[in-house]
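A.B. asks: okay, sequence plus prediction incoming.
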Amino acid sequence: MTYGELLNKIDQVLSEAGVEDARFDSSLIAEEFFPDTKEDSELDPNIVRQCLLAADTVASGAPVQYVTGKAYFWREKYDVSVGVLIPRSDSETVVEAALAFCGALDIPQEAYKDIEPSEKDCIEFADVCCGTGCIGISIANELVSHGIKTKVHLGDLSDEALVFANKNSEICKADIDVTKMDITADEVPWTGLDLITANPPYVTTEEYGELEDKIKLYEPEMALEAGSDGLKFYKPLAEFAKKALRDGGMLIAEHGYRQGDAIRKIFEDAGLKGVKTVKDLSGNDRVTYGRI
């Protein structure tokens, strides 16, 4: 069997199972087993069998990222597995806002016109509720590529997430550390930070019950569900930021598409200034930021 024939076979298996984006997922599976392989290359039959078994697992409902152990986010590829949230493109809005604050966003965007870029040549920041570490690592790698020195802290309460944050830290080009921490606790592990980014749980209890099995059966509930209104962690996050950020430092947080008004009020009530909400690529409210 050639690589092209294998790709078509996987696509057929996934399409017949009703998998969305079957062709894209097919390429992810084939690429993981046969990286850098040409369409007409003849393949090892033993590895082909393993690859088709992986395709069957995805066809049965498992997320392709958990089957391949990899997830693409921003410009990097991250290790991921059951027990840690799969990185999603919505969270790239957090990265964009952070880069705008750091003066490292390649293409200026209207959405970030109110963010006054930092003029510091060294940025110290923390990504809390970090999961795989994809947000913090992607920001750090962009800063390094722009010649901006940076020190990044990754923090999460989940032991499973910390395992993958540590593993993914190997692809970080900046000084980085990983810490077990809880944004609802009084103790603050870092102070004087320039920036805090966060993607806390924000799915309401009702919404969680309505999620597709592909999410509920595989991804960690503690990284998703956040009470009846989904706002459980935002007031503690704002209070945490007030202790950890320097004067003029910025908090940037992801949230649900219907939560923008509520998050702005929480941040403003906590004393944050210049609070704004920006939309993701789908046009939905996705990220709110404010300065200390």
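C.D. replies: Arrived safely. Just so we're clear, the structure is a prediction, and the values are computed from it rather than from any experiment. Numbering: from 1, shown residues only.

A.B. asks: and the one helix or strand residue 278 maps to, which strands flank it?
C.D. replies: Element membership of residue 278, judged by DSSP states H and E, is strand 273-279. With DSSP bridges as the test, strand 273-279 is paired with strand 285-291 (antiparallel).

A.B. asks: how far off centre is the strand it pairs with?
C.D. replies: Strand 285-291 sits 15 Å away from the centroid of its parent chain (Cα atoms, centre = their mean, to the nearest Å).

A.B. asks: what are the contacting residues of that strand?
C.D. replies: The contact list for strand 285-291 (Cβ atoms under 8 Å, 6 or more residues apart in numbering) reads 90, 93-94, 97, 101, 115, 248-255, 257-260, 263-264, 267-268, 272-280. To be clear about C-beta, it is placed using only N, CA and C from the backbone, and glycine gets the same treatment.

A.B. asks: for the closest residue to residue 125 other than its chain neighbours, phi and psi?
C.D. replies: Leaving aside its sequence neighbours, residue 125 sits nearest to residue 195 (Cβ to Cβ, 6 or more residues apart in numbering; 3.7 Å). When quoted as degrees, to the nearest 10, the phi and psi of residue 195 stand at phi -150, psi 140.

A.B. asks: residue 195 and residue 97 touch, don't they?
C.D. replies: No: using Cβ atoms under 8 Å as the test, residue 195 is too far from residue 97 to be in contact (9.7 Å).

A.B. asks: spit out the residues that contact the two alike.
C.D. replies: Taking Cβ under 8 Å, 6+ apart as the criterion, residue 195 and residue 97 both touch residue 252.

A.B. asks: quick check, distance from stretch 282-292 to the centre of its chain.
C.D. replies: Averaging C-alpha positions (Cα atoms, centre = their mean) puts stretch 282-292 15 Å from its chain's average.

A.B. asks: same deal with stretch 171-180?
C.D. replies: Mean-position distance between stretch 171-180 and its chain equals 15 Å (Cα atoms, centre = their mean).

A.B. asks: buried residues, it. List them.
C.D. replies: 172, 174, 176, 178 (16 or more other Cβ atoms under 10 Å).

A.B. asks: pLDDT score for the first one?
C.D. replies: In this case it means residue 172. On pLDDT, residue 172 comes in at 97.

A.B. asks: going forward can the numbers begin at 845, since that is how I track them
C.D. replies: Will do, 845 is the new start, and the previous item becomes residue 1016.

A.B. asks: alpha carbons of the worst-scoring helix or strand of the chain on mean pLDDT, as PDB, please.
C.D. replies: None of the helices or strands of the chain scores lower by mean pLDDT, DSSP states H and E than helix 1057-1060, at a mean of 90. The C-alpha coordinates for helix 1057-1060 follow below in PDB (Å, rounded to 0.1, in the frame of the first residue of the first chain):
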ATOM      1  CA  ASP A1057     -19.600  12.600  24.100                       C
ATOM      2  CA  LYS A1058     -16.300  13.200  22.200                       C
ATOM      3  CA  ILE A1059     -15.600  15.900  24.800                       C
ATOM      4  CA  LYS A1060     -17.400  14.600  27.900                       C
END
